[in-house]
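Engineer: A structural model of the following input is requested.
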Amino acid sequence: MATLTFDTLRFANRLKSAGVLPAQAEAEAEALSEAFEVNLKDIATKGDLRELELRVDARFERVDGELKLLKWMLGVVIGGVIALVMKAFFAG
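Structural biologist: Now for the predicted structure:
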């Protein structure tokens, strides 16, 4: 999970020095701190993305293997159909 250090005191003091009323500056600092805390829980980290990439790669490898098997099976079926057609054609 992503970690963010937010200095509410520094933020509030900056607002106060810009002319914002102290109570409002402190309230804004607390509200912003809570917003960061809640919203950062859902942010994906590089580790999350790497894990997802590995899972996607594994699925693609599995699908690729299944497609190779299906191609082989289709080739066998087509070869069998051709053999039957040829047998029927030359036998009759």
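Engineer: drop to CA atoms for contacts and neighbour counts, all remaining ones
Structural biologist: Fine.
Engineer: sec struct for Ala44, please.
Structural biologist: coil (DSSP: H, G, I helix; E, B strand; the rest coil).
Engineer: quick check: the spatially closest residue to Asn13 that is not a sequence neighbour vs Lys16, distance?
Structural biologist: Using C-alpha to C-alpha, 6 or more residues apart in numbering and skipping the chain neighbours, the partner closest in space to Asn13 is Ala25 (7.5 Å). Look at Ala25 and Lys16: by C-alpha to C-alpha, to the nearest Å, they are 6 Å apart.
Engineer: neighbour count winner among these two?
Structural biologist: A direct count of neighbours by other C-alpha atoms under 10 Å for Ala25 and Lys16 places Ala25 higher, at 22 against 16.
Engineer: which SS class is the more buried one?
Structural biologist: Following three-state DSSP, the label given to Ala25 is helix.
Engineer: how much space separates it from Glu34?
Structural biologist: Taking C-alpha to C-alpha, one finds Ala25 at 14 Å from Glu34.
Engineer: ok, now Arg55?
Structural biologist: Counting by C-alpha to C-alpha, the gap from Arg55 to Glu34 is 33 Å.
Engineer: where does this protein have its least confident helix or strand?
Structural biologist: helix 22-39 (a mean of 88; mean pLDDT, DSSP states H and E).
Engineer: which helix or strand contains the residue most central in space within the chain?
Structural biologist: With distances taken as C-alpha atoms, centre = their mean, the residue of the chain nearest its centroid is Leu52 (5.4 Å). Assigned by DSSP states H and E, Leu52 falls within helix 46-91.
Engineer: pLDDT (mean, whole number) over that helix?
Structural biologist: The average pLDDT within helix 46-91 is 91.
Engineer: all further residue positions should be reported with the first residue as 29.
Structural biologist: Let's use 29 as the start, then, which means that last one is helix 74-119.
Engineer: kindly export stretch 56-74 (C-alpha atoms) in CSV.
Structural biologist: These are the backbone C-alpha positions of stretch 56-74, laid out as CSV (Å, rounded to 0.1, in the frame of the first residue of the first chain):
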residue,chain,number,x,y,z
GLU,A,56,-8.8,22.2,6.0
ALA,A,57,-5.6,20.4,7.1
GLU,A,58,-7.5,17.7,8.9
ALA,A,59,-10.0,17.2,6.0
LEU,A,60,-7.1,17.0,3.5
SER,A,61,-5.3,14.5,5.7
GLU,A,62,-8.4,12.3,6.0
ALA,A,63,-8.9,12.5,2.2
PHE,A,64,-5.4,11.3,1.6
GLU,A,65,-5.7,8.5,4.1
VAL,A,66,-9.0,7.2,2.6
ASN,A,67,-8.1,7.5,-1.0
LEU,A,68,-4.5,6.1,-0.8
LYS,A,69,-5.9,2.8,0.4
ASP,A,70,-7.1,2.1,-3.2
ILE,A,71,-3.9,3.2,-5.0
ALA,A,72,-2.0,0.4,-6.7
THR,A,73,1.7,0.2,-5.9
LYS,A,74,4.5,-0.9,-8.3
